[in-house]
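Engineer: show me the folded form of this:
(one chain, ligands or ions: 2)
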Amino acid sequence: MAFNFDKYIATYPDFPKKGILFRDITPLTENGNAFRQTVNKIADFVKSKNADLVVAPEARGFIIGCPVAYKLGIGFSPARKEGKLPGKKVSASYGLEYGKSTLYMNQSAVKPGQKVVVIDDLLATGGTIGATIKMVKELGGKVVGAAFIIELSELNGRNKMNDCDVLSLVKY
Ligand SMILES: O=P(O)(O)OC[C@H]1O[C@H](OP(=O)(O)OP(=O)(O)O)[C@H](O)[C@@H]1O
Ligand SMILES: Nc1ncnc2[nH]cnc12
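Structural biologist: Numbers count the residues shown, from 1 in each chain. Ligands and ions are numbered 1, 2, ... in the order given. Next comes the predicted model:
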């Protein structure tokens, strides 16, 4: 029987701003079995894409991207927020459901031609993952997949990823 990931997502109206229905993954990660099922499911997807590297945006993307990369024995590279990453980097600015921001990656994070899966907890407008994908491509990587625990379908974030396969475990 399919695992019911939905049961472990908490919902908070008007957070962090009025009008936003916030979908919280912490009950899922706080449950050992649900967290493991999530990591295994996303790792199966990443494996099926033959990926060399996982890239995930700060901060919630790290929670899921790291254990997936570890399980498969492939690399993990973080897309970090302003002022966090030293050294040579690339950047991409974006808007999201409740604000705007800039992400940065190490210039040496991706080897040309490497196959990359991008991972985040949630896909809303696609601004965050779109910026992450833009940097991976700029560094010469091939984005072969994108995986999320949650997808907010009506915000059409999928449209920002028309050339790669998308996995989401729970759709609202
Ligand atoms: O598809 P989008 O409209 O870009 O929205 C999705 C992004 O928003 C949230 O991150 P947030 O920027 O709140 O940061 P956090 O992970 O540090 O909580 C979430 O974890 C995704 O990264
Ligand atoms: N509705 C939402 N819930 C949780 N995280 C989000 N990131 C962007 N929109 C979100």
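Engineer: which helices and strands sit right next to whichever helix in the chain runs longest?
Structural biologist: Longest helix of the chain, by residue count under DSSP state H: helix 32-48. For helix 32-48, the packing partners by 3 or more Cβ pairs under 8 Å, 6 or more residues apart in numbering; DSSP states H and E come out as helix 26-29, helix 60-72, strand 115-123, strand 142-151, strand 165-171. For glycine as for every other residue, the C-beta is placed from the backbone atoms N, C-alpha and C.
Engineer: wait, does the longest one contact ligand 1?
Structural biologist: Yes: with Cβ under 6 Å from any ligand atom as the criterion, ligand 1 is reached by helix 60-72 at R60, G61.
Engineer: ok, the most centrally placed residue in the chain - contacts?
Structural biologist: For the chain, the residue nearest the mean C-alpha position is D120 (1.7 Å; Cα atoms, centre = their mean). Shown in contact with D120 (Cβ atoms under 8 Å, 6 or more residues apart in numbering): A56, P57, R60, G61, I64, G65, T128, I129, T132, F148.
Engineer: can you do 10 Å?
Structural biologist: 55-58, 60-65, 79, 126, 128-129, 132, 146-150, 157 (Cβ atoms under 10 Å, 6 or more residues apart in numbering).
Engineer: kindly report the same for I74.
Structural biologist: So I74 contacts 43, 46-47, 50-54, 68, 114-117 (Cβ under 10 Å, 6+ apart).
Engineer: repeat for F45
Structural biologist: In this structure, F45 makes contact with A51, V68, V117, I119, G145, A146, A147, D165, V166, L167, L169, judged by Cβ under 10 Å, 6+ apart.
Engineer: now do the first one: how many residues are near it, please.
Structural biologist: In this case it means A51. Residues near A51, counting by other Cβ atoms under 10 Å, number 26.
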